[in-house]
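Enquirer: dropping a prediction and its sequence here:
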Amino acid sequence: MLGSGIFVLPGIAAAKTGSSIWLAYLLAAICILPAALSKSELATAMPSSGGTYLYIERSFGPIFGTIAGLGLWLSLLLKSAFALVGFGAYLAVLVNASNGFTQYVALFFLAVILMLNIFGVKKVGKVQIVIVAISLITLALVLIFGLPAVDKELLEPFYTDGTMGLFSTVAFVYISYAGVTKVAAIAGEIKNPSKNLPRAMILSLFIMTLIYVFIAFILVGNLPMSELSTDLRPIYSVANKLGGPLIGTITALIGVITLISMANSGVLAASRFPFAMAMDKLLPDFMGKIHSKFLTPVSSIILTCLTMALVILFLDVEKIAKLASAFMVTMFISVNICVVILRETSAQWYNPTYKSPLYPIVQIFGIISGFLLLIFLGMIPLIAVVTIFLLGFVIYFFYGKKTARTGILRKYGHRPALYMLYNKKRRKGIKVEEPPRVNKSILDGKIASDAGVVIPLLGNEKSPEMLVEMGAALNKKKVTQAVNITEVPNQTFLDAFMEDNPVIRSLGRRFSGLARAREVNIDFEAVVTHDLTTTIQELSEQTHSDWMVMGWDARAHKGWLVRNPIGWFVTHVNSDFALFRDNGVRHISKVVMALRPGRKDKNFVAIADRVCQFYKASLTLLHVVPEQMTDQEISDMEQSSVRLLLKAEADSKVLIQRAKDPIETIGLISAEYDLLIIGTPEKDNWQNVLFGKNKDKFADSSACSVLRLTVKD
């Protein structure tokens, strides 16, 4: 949320109202509160990807959905373009360049952001958390050292253009709070959204309001208005004055990192709207195409970045900020109207778990204040909003008429709006088609909660059937749950992958055949997510399974600080963990188990016996011992192993082999078997975990398939 609203905007805003800019930020927060409460309610009723666009489209219908999509797209890309211009201003401090340099810097880094989003680069989310934390610390230090240094003489005059100037500034800085409501877009992934979602929004709004109000007060109290009014890097200027050149340079660097991060997030969010509209048949189909390799909406990302480039080239910073605020105000007016429409029509599917307080007073205040703010923004932003409405109508009549959906308002459009308010009771029970909900990374009730084994399928398995069959072999319960998990970049809506998929249909058919052939109960579901590790952890928690079984390439970790570390799963899932390396063996009749020292032998023997019974296979308990081991020691080990195997129902025997190199020996012996069962190494040192060096040498040298078990205490 932190970005251009505090790092760039205050200087331009101060030129409009003087030292009362802090009051403008406070009033803007009050005006946005109704939208935050309304979006909390809407999000708990429609916890799907799309956020504001979805709410407006489902309430007003596809015509207004088209307009909303365009408005939201433009507001986000304008805000991102504004951040890039500010980024150039802060970077100019570090490289000692002129102000004319900022435009070209903004365009260059826009090209970098374009490539990052096309390639679907992950990791950005976690990095952004760190960036926000650093920004907050920086602003806190500015607050601590800047408040005592406030010069009262600089606070006069309070208004430079009277109350009209103040209210136009309120409208101008409105865009600063746009990020407060973004959490609504992931309502489906929030636990207990009826409580946590409104709390998150209101807490975010409260924190942001405190930051904006106090930092704005410090800026006008430390910098002369003649300097501040034209300053695109006010946080640097005040830090430079308070702490000297070194502190100023450090602050400029933080400003650069914060603004480029915000611009990247803006492109990521903005590019979703043309993509979502194409998916809803409101834009040409090519806008909804996803790159086969990167899984990102390339056309939508390119269109967004090209439009941003035009904005940076041909609009000055004040116009960019005004237009961004105008489109955001319009969308938030619509959000408040959505709540009124959905409450008054009593649509049966509209059952929000959280309801906005003081309805409809809060919504009416949000609507009226929004229209007033649009007027205060001036003629050009109003013309731009009207133009988007007209453009939305044109696009709809060219592309959107073929959509069969209608909004809630359309169903009651023959009645005057005021009549709708007084006839709510008469329409109780009228059935309205519920908007389709989509699977999220938070799993729904279709997942078998009584499954004994869960098998996440990530798409890179040599044979999904063999992996699921191995999971069924480990299962002590009736149901084996297979889940195909597709991780997509944050640039792509999850909805795009929820349509009929031939790969998913094929897997379902093959697993049904496997279930009949093996006479086992296999349940299969498909999930699309932005966060693979969290989804797998939630899958483990929801099913209460005994085992999690995954495919494996014999490496314990997946490389240097990248996603999907097997070690992470081992430590975070709540069940025993099995990794299956498929070496192409399709018929398992001979199983060998090689235990590492220190293992709980009884547990492993019982598990291996269960697998052997499933396959009607024989079991060999293998011990590879040093060459210097005495005959007596080997005899004692053999007797102990025979006792271990007494409870095994499968045909079993003990094999003890002297060898200098146990890895090579197990590799040679494995050629005589179909499956090698081993345990997890006792420890992975930090270098192996960090750099992904830890190849399991026993598994890697095996000629047959390998099942590596991690049995939790």
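Expert: Thanks, I have the structure now.
Enquirer: how close does the closest residue in space to Val520 that isn't next to it in sequence get to Arg708?
Expert: Closest residue to Val520 apart from its sequence neighbours, by Cβ to Cβ, 6 or more residues apart in numbering: Ala472 at 4.7 Å. All C-beta atoms are positioned from the backbone trio N, CA, C, and that covers glycine. Relative to Arg708, Ala472 is positioned 18 Å away (Cβ to Cβ, to the nearest Å).
Enquirer: cool, Ser38 as well?
Expert: Distance from Ser38 to Arg708, by Cβ to Cβ: 52 Å.
Enquirer: next, the distance between the ends of stretch 642-650.
Expert: Distance across stretch 642-650, first residue to last, is 13 Å (Cα to Cα, to the nearest Å).
Enquirer: which residues sit against it?
Expert: With contact meaning Cβ atoms under 8 Å, 6 or more residues apart in numbering, stretch 642-650 is reached by 591, 601-602, 605-606, 608-609, 612-613, 617-619, 621, 652-654.
Enquirer: that one - what's its average pLDDT?
Expert: On average, the pLDDT along stretch 642-650 is 88.
Enquirer: so, low pLDDT: which residues of the stretch 201-350 of the chain?
Expert: 346-349 (pLDDT under 70).
Enquirer: quick one: the helices in it, in order.
Expert: Along the stretch 201-350 of the chain, counting by DSSP state H, counting those that start in this stretch, helices occupy 225-228, 234-243, 245-270, 272-279, 298-314, 317-345.
Enquirer: tilt between the third one and helix 317-345?
Expert: In this case it means helix 245-270. 40 degrees (axes from the mean of the first three to the mean of the last three Cα atoms, to 10 degrees).
Enquirer: start the count at 43 instead of 1 going forward.
Expert: With the count now opening at 43, the last piece we talked about shows up as helix 287-312.
Enquirer: show me what helix 287-312 is packed up against.
Expert: If you count contacts as 3 or more Cβ pairs under 8 Å, 6 or more residues apart in numbering; DSSP states H and E, helix 287-312 packs onto helix 46-49, helix 104-137, helix 143-160, helix 166-188, helix 276-285, helix 340-356.
Enquirer: most packed of the ones you listed?
Expert: helix 46-49 (a mean of 28; mean count of other Cβ atoms under 10 Å).
Enquirer: helix or strand right after that helix?
Expert: Sequence-wise, the next helix or strand downstream of helix 46-49 (DSSP states H and E) is helix 51-59.
Enquirer: tell me the gap between the helix or strand following that next one and the middle of its chain.
Expert: Remark: after helix 51-59, the chain's next helix or strand is helix 63-87, criterion DSSP H and E. Distance, stretch centre to chain centre, for helix 63-87: 23 Å (Cα atoms, centre = their mean, to the nearest Å).
Enquirer: pLDDT of the helix or strand following helix 63-87, averaged?
Expert: Proceeding C-terminally, helix 63-87 gives way to helix 94-102 as the next helix or strand, assigned by DSSP H and E. Per-region confidence: helix 94-102 scores 77 on mean pLDDT.
Enquirer: wait, Val340 sits on Lys331?
Expert: Yes. The pair Val340 and Lys331 passes the contact test of Cβ atoms under 8 Å, sitting 7.2 Å apart.
Enquirer: shared neighbours of the two, anything?
Expert: Contacts common to Val340 and Lys331, judged by Cβ under 8 Å, 6+ apart, are absent.
Enquirer: beta partners for Phe622?
Expert: In this entry, Phe622 is beta-bridged to Gly593, Leu749, by DSSP bridges.
Enquirer: neighbours of it, just the number please.
Expert: 26 (other Cβ atoms under 10 Å).
Enquirer: so it makes contact with Glu511?
Expert: No. The criterion here is Cβ under 8 Å, and Phe622 misses it with Glu511 at 9.6 Å.
Enquirer: neighbours around Ile299, how many?
Expert: Ile299 - counted by other Cβ under 10 Å - has 17 other residues nearby.
Enquirer: do the same with Leu270
Expert: 24.
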